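**Student:** Please work out how this folds:
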Amino acid sequence: MRTRAAARAPGKVMLAGEYAVLEGAPAVVMAVDRYARAVADRANTLDDRDGWLTPELDATLRRARAAGLVGDDVSARVKPGSLFDGARKLGLGSSAAMCVAGLFAALRASGHDDADEGVRARATELALEGHREAQGGGSGMDVYASALGGVFCTAIYEGKAASIERLSWPSRSVWRVLWTGEPVSTKAFVARVKELAVSDRDEHRALIARIRKASEAFVSALRSDDATALVSVVFEHGAAMDALGVRAGVSIVTDPMRTLMKRASELGCAVKPSGAGGGDIVLAVSDHEASMFALERECESLGVSVLDLSVDARGAARD
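**Tutor:** Below is the predicted model of the structure:
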């Protein structure tokens, strides 16, 4: 039985369904090729040089030990790897990726085959539960993306994914992930939206329904390989998220991002916030390479970075 093992897990980009996913709406997420890395062993030789024991990983390992998947003598440590830019968090789901990477390293150190579908499924659910415990909630989409990889749609019912539908980008679609360099507090934004649900339930429902409709249209565009429709859908999705933020009193779409959205539209592209919003990670799509290249040239003057990302199809894996 191995005594030391390593694993990695990808970060994620939310493509559609933000906020509405918490109300049972379908959402689309993409695993990307930026990775958290982890090591685990059975000899308690790990220290701070090997990485961190995050609250999310700690909660997950406790659950995995209780379930008999991880040995009582197995410890794990994680590092955010390429999910950070130096000391700055990129907003690609680093806490979930570290949690998943640490658990999968611990599974391997405990002698389990993480390629076994049953083991992977149980481990994913344990990571979801541990991550939620430490974070105080959340949809779990980032955990699923880190564990499973690829692009997929799901809805969350009773805390778990009802089903996973694998999807792919339309053949003529051109996409980029942009970064404003402004990390935001997802918890704070979600809390303000929940306050709106209490203070004006009808308006909250209407705003969430608008995002849900855009998310469903996003899925439809991917299913039908319709790159042109996707541009219109992303534009509407961004506008729907902006409307929710304005009413909830949070900058889901910031003023600089509105400038970016306007310029993107003029160039034949569409952009929307990814995740909680507030700037941070932004999704851009077009159905023409030239339009996207023109938007990329504009990004530097707007203070926006273009992240070099591809889809990670594997999910958590041996490192």
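**Student:** Do a quick rundown of the helices in the stretch 201-319 of the chain.
**Tutor:** With helices called from DSSP state H, counting those that start in this stretch, the stretch 201-319 of the chain shows them at 201-223, 227-248, 255-266, 289-299.
**Student:** can you put these in TSV and add distance to Glu195 and mean neighbour count?
**Tutor:** For the C-beta atoms, the positions are set from N, CA and C on the backbone; glycine is no exception. Formatted as TSV, these follow (distance: least, C-beta to C-beta, whole Å; neighbours: other C-beta atoms under 10 Å):
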stretch	distance to Glu195	mean neighbour count
helix 201-223	9	19
helix 227-248	7	21
helix 255-266	22	17
helix 289-299	34	17
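**Student:** Okay, Lys272 and Val28: tell me how far apart.
**Tutor:** 12 Å (C-beta to C-beta, to the nearest Å).
**Student:** Between those two, which has more neighbouring residues?
**Tutor:** Lys272 (30 against 22; other C-beta atoms under 10 Å).
**Student:** What's opposite that one in the beta bridge?
**Tutor:** Lys272 forms beta bridges with Leu283, as assigned by DSSP bridges.
**Student:** mind listing what it touches?
**Tutor:** 234-235, 237-238, 241, 261, 282-283 (C-beta atoms under 8 Å, 6 or more residues apart in numbering).
**Student:** Would you mind listing where the stretch 151-300 of the chain has pLDDT under the threshold?
**Tutor:** 183-184 (pLDDT under 70).
**Student:** re earlier: out of the helices of the stretch 201-319 of the chain, which gets nearest to Leu126?
**Tutor:** The closest of these to Leu126 is helix 201-223. By C-beta to C-beta, the value is 27.4 Å.
**Student:** Packing partners of the closest one?
**Tutor:** strand 4-16, strand 27-41, strand 151-154, strand 165-167, helix 186-199, helix 227-248 (3 or more C-beta pairs under 8 Å, 6 or more residues apart in numbering; DSSP states H and E).
**Student:** So which of the contacts of Lys272 is the closest to Gly136?
**Tutor:** Met241 (22.4 Å).
**Student:** What number of residues are in the vicinity of the closest residue to the closest one other than its chain neighbours?
**Tutor:** In this structure, Met241 finds its nearest non-sequential neighbour in Ile252, 5.1 Å apart by C-beta to C-beta, 6 or more residues apart in numbering. By other C-beta under 10 Å, 27 other residues sit near Ile252.
**Student:** Report the contact partners of Ile252.
**Tutor:** 189, 241-242, 244-245, 273, 276-278.
**Student:** can you check Gly93 too?
**Tutor:** Contacts of Gly93 (C-beta under 8 Å, 6+ apart): 11-12, 83, 142, 145-146.
**Student:** For it, give its distance to Leu295.
**Tutor:** Applying C-beta to C-beta to Gly93 and Leu295 gives a distance of 24 Å.
**Student:** State the pLDDT value of Val13.
**Tutor:** Per-residue pLDDT puts Val13 at 96.
**Student:** Is it bridged to anything, and to what?
**Tutor:** Under the criterion used (DSSP bridges), Val13 bridges to Met30.
**Student:** That one: what's it in contact with?
**Tutor:** 29-30, 32, 92, 177, 274-275, 281, 283, 309.
**Student:** any idea how far it is from Ser274?
**Tutor:** On the measure of C-beta to C-beta, Val13 and Ser274 end up 5 Å apart.
**Student:** Need the overlap of contacts for those two.
**Tutor:** Joint contacts of Val13 and Ser274 (C-beta under 8 Å, 6+ apart) are 177, 281, 283.
**Student:** Select from those residues the one having the most neighbours.
**Tutor:** Ile281 (26 neighbours).
**Student:** Distance check, it against Thr180.
**Tutor:** 8 Å.
**Student:** what do you get for Glu23?
**Tutor:** Distance from Glu23 to Thr180, by C-beta to C-beta: 27 Å.
**Student:** The two - which one has more neighbours?
**Tutor:** Remark: of Glu23 and Thr180, Thr180 carries more neighbours, 22 against 17, as counted by other C-beta under 10 Å.
**Student:** residue contacts, the residue nearest to the more buried one when sequence neighbours are not counted?
**Tutor:** Among residues not flanking Thr180 along the chain, Gly279 sits closest, at 3.8 Å (C-beta to C-beta, 6+ apart). Taking C-beta under 8 Å, 6+ apart, we find Gly279 in contact with 180-182, 184, 251, 254, 256-257, 273.
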